[in-house]
Every structure is written in structure tokens, then in C-alpha cells.
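K.L.:
Give me a model of this one.
(one chain, ligands or ions: 2)
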Amino acid sequence: MSIHIEAKKGEIAETVLLPGDPLRAKWIAETYLEDVICYNKVRNMFGYTGTYRGKRISVQGTGMGVPSISIYAHELITDYDVKNLIRVGSAGSYQKDIKLRDIVIAMAASSTSGVNRARFNGADFAPTADFDLFMQAVEAAKEKGIPVKAGNVLSSDEFYSDEFDFYQNWSNFKVLCVEMETSGLYTIAAKHNVNALSLLTISDSLVTGERTTAEERETTFKGMMEIALELG
Ligand SMILES: O=P(O)(O)O[C@H]1O[C@H](CO)[C@@H](O)[C@H]1O
Ligand SMILES: O=c1cc[nH]c(=O)[nH]1
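P.N.:
Ligands and ions are numbered 1, 2, ... in the order given. Sure thing, here's the model as predicted:
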């Protein structure tokens, strides 16, 4: 048992899917996993372990933002020996050719978070995806005929920005979309020498203003889940 996860040692698999939304974790477990146990209800941040096509896999909600995912990633790695951490998140598009429900694989994560500046005495650290998980995801997507895009994403500390066209500068530098956790996840995984990858489904567009509902974000991003379940 760790501070934020009440699982017993051995109850969490080596590979864990990480949605921000704990109800998306519940939906993934109920939809895809067999022989499921719920190992965590602390703070209602649900965690489950089951099997997918015979392979043992867990799914753990992380909450929103770099501090929250950093806590769960740290405890999963140091208290439960997790080796593969795969975020399955939603994101807002920064590019006109990245549409609602497109899937983006985060090769790297820029960030407005101050955490790494503090950690590296003002220098920039470049949080990057694990190469093997990245290649596995590309292969799995190809086999399933699911189109994916890949590139730099922004992990923002703000969901609601004060500036209307805040996204434009990131967009000009080929950042594909915005979410709130990947830079933290990639940094914590690197620190502990384990593997991390973020798969993101576009839930809204900063370019067109279109958006999906909360329920759609919870239960309909299936292509991303089907790729993620093959990894590790
Ligand atoms: O859908 P999740 O995984 O929570 O990800 C995105 O959605 C939340 C904001 O609505 C942030 O956590 C952001 O990163
Ligand atoms: O962090 C996020 C997630 C989805 N959409 C956004 O605009 N921001």
C-alpha cells in the first residue's frame, strides 16, 4: 500500500494504462478486461487489474495535471514495480488538419509547467516517449487499420488560458495538440528508467471550436484503447 494507492503488492500488472479520468479507467476495465479486480478506491481514483486476451494488465486513473500524474506514476513505479506506463488521454487540437477523434502519439512533450525548470536549475529537459513502446504503437495501429499521427504535444498547466490565441505560437512550431500530463509522465519514467508512452484522442479543437461531451470523452475513444491494450 502506498499513500494514494491501496493495492497490495502484486495486485498491479507490469503494464498500466493511465487515463486522467477515473471513470474512463472504470469503463476500460469493464469493457475490455476479464477477471477484473478493483485494487484502488482511494480518492475515487479507481484502479483495476484484469486480463486482455490472456495478458495481465492494469488501468489506473491519474487525475489532471503534471503534479497529479507524477504522484501516481511515482507510486506505481517505486511501490508496485510497474515497468510500462501508457497514458490514454484526451487533448485539444492545435492544427487544422488534426480533427476531432484523431489519435496522436506524443513523441515528446513541451510544457508550461515549472517543475522541470526547478528540477534542472533553469535548464530545459526534453521529455520523450519510449522508443520501443512508440514503435509497438505504430505497428499495432497499422495492423488494426487505425490512422495515427505523431509529434510534439504541449502539457499545459492551464486548461482555461487568459489569452484567446495562446495556442498560435505552439501551433506555428508544429505542436500538434494540448493536454496536461505527458511531460510529467515522461519525466518520472525517465528518472526511474522505465518506459512511458502517451496516446491521445482529440476531444476538441482550439482551431475550430468543436468539442465532444464529457460522456464521449469517458466512453467512446476506442481506437486509442485498442492500440494501448496491445502494448508492453
Ligand atoms: O482526458 P484526460 O486523460 O484527463 O486528459 C485531458 O483532459 C483533462 C482536461 O479536461 C486533462 O487531464 C487533460 O490532459
Ligand atoms: O488539456 C486539454 C485537454 C483537452 N482539450 C484541451 O483543450 N485541453
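K.L.:
name the element the residue in the chain that ligand 2 sits nearest to belongs to?
P.N.:
Of all residues in the chain, Gly92 sits closest to ligand 2, at 2.5 Å by Cβ to the nearest ligand atom. Where C-beta positions appear, they are placed from N, C-alpha and C, glycine not excepted. Assigned by DSSP states H and E, Gly92 belongs to strand 84-93.
K.L.:
what sits against the residue nearest to the spatial centre of the chain?
P.N.:
Residue closest to the average C-alpha location in the chain (Cα atoms, centre = their mean): Arg87, at 2.2 Å. By Cβ atoms under 8 Å, 6 or more residues apart in numbering, the residues touching Arg87 are 17-20, 62, 69, 106, 181-182, 185, 196-200.
K.L.:
Give me every residue in this structure lying close to ligand 1.
P.N.:
Residues of the chain lying close to ligand 1 by Cβ under 6 Å from any ligand atom are Pro19, Gly20, Asp21, Met64, Gly89, Ser90, Phe159, Glu179, Met180, Glu181, Arg217.
K.L.:
which of the residues you listed are buried?
P.N.:
Burial by neighbour count, judged by 16 or more other Cβ atoms under 10 Å, picks out Pro19, Gly20, Asp21, Gly89, Ser90, Glu179, Met180, Glu181, Arg217 from these.
K.L.:
Now, these that are in helices?
P.N.:
Among these, the members falling in helices (DSSP state H) are Arg217.
K.L.:
and ligand 2, which of the buried ones among the residues of the chain next to ligand 1 reach it?
P.N.:
Applying Cβ under 6 Å from any ligand atom, the subset of those adjacent to ligand 2 comprises Ser90, Glu179, Met180.
K.L.:
wait, isn't Ala25 in contact with Gly61?
P.N.:
Yes - Ala25 is within contact range of Gly61, at 4.3 Å (criterion: Cβ atoms under 8 Å).
K.L.:
Give me the common contacts of the two.
P.N.:
Pro19, Phe46, Gly47.
K.L.:
Following the lowest-mean-pLDDT helix or strand in the chain in sequence, what is the next regular element?
P.N.:
Counting by mean pLDDT, DSSP states H and E, the chain has its least confident helix or strand at helix 214-219, which shows a mean of 86. From helix 214-219 onward toward the C-terminus, using DSSP H and E, the following helix or strand is helix 222-228.
K.L.:
Show me what the helix or strand harbouring Ile28 is packed up against.
P.N.:
Assigned by DSSP H and E, Ile28 belongs to helix 22-32. Here helix 22-32 touches strand 34-40, strand 47-52, strand 55-60, helix 214-219, helix 222-228, going by 3 or more Cβ pairs under 8 Å, 6 or more residues apart in numbering; DSSP states H and E.
K.L.:
hang on, isn't Asp79 packed against Ser2?
P.N.:
Yes - look at Asp79 against Ser2 with Cβ under 8 Å: they come within range, at 4.1 Å.
K.L.:
of all the buried ones among the residues of the chain next to ligand 1, which two lie farthest apart?
P.N.:
The distance between the two most remote of these (Cβ to Cβ) is 14.4 Å, for Glu181 and Arg217.
K.L.:
thinking again about what came up before, what's the nearest residue to the residue nearest to the centre of the chain if we skip its chain neighbours?
P.N.:
Once flanking residues are discounted, Arg87 sits nearest to Ser198: 4.0 Å by Cβ to Cβ, 6 or more residues apart in numbering.
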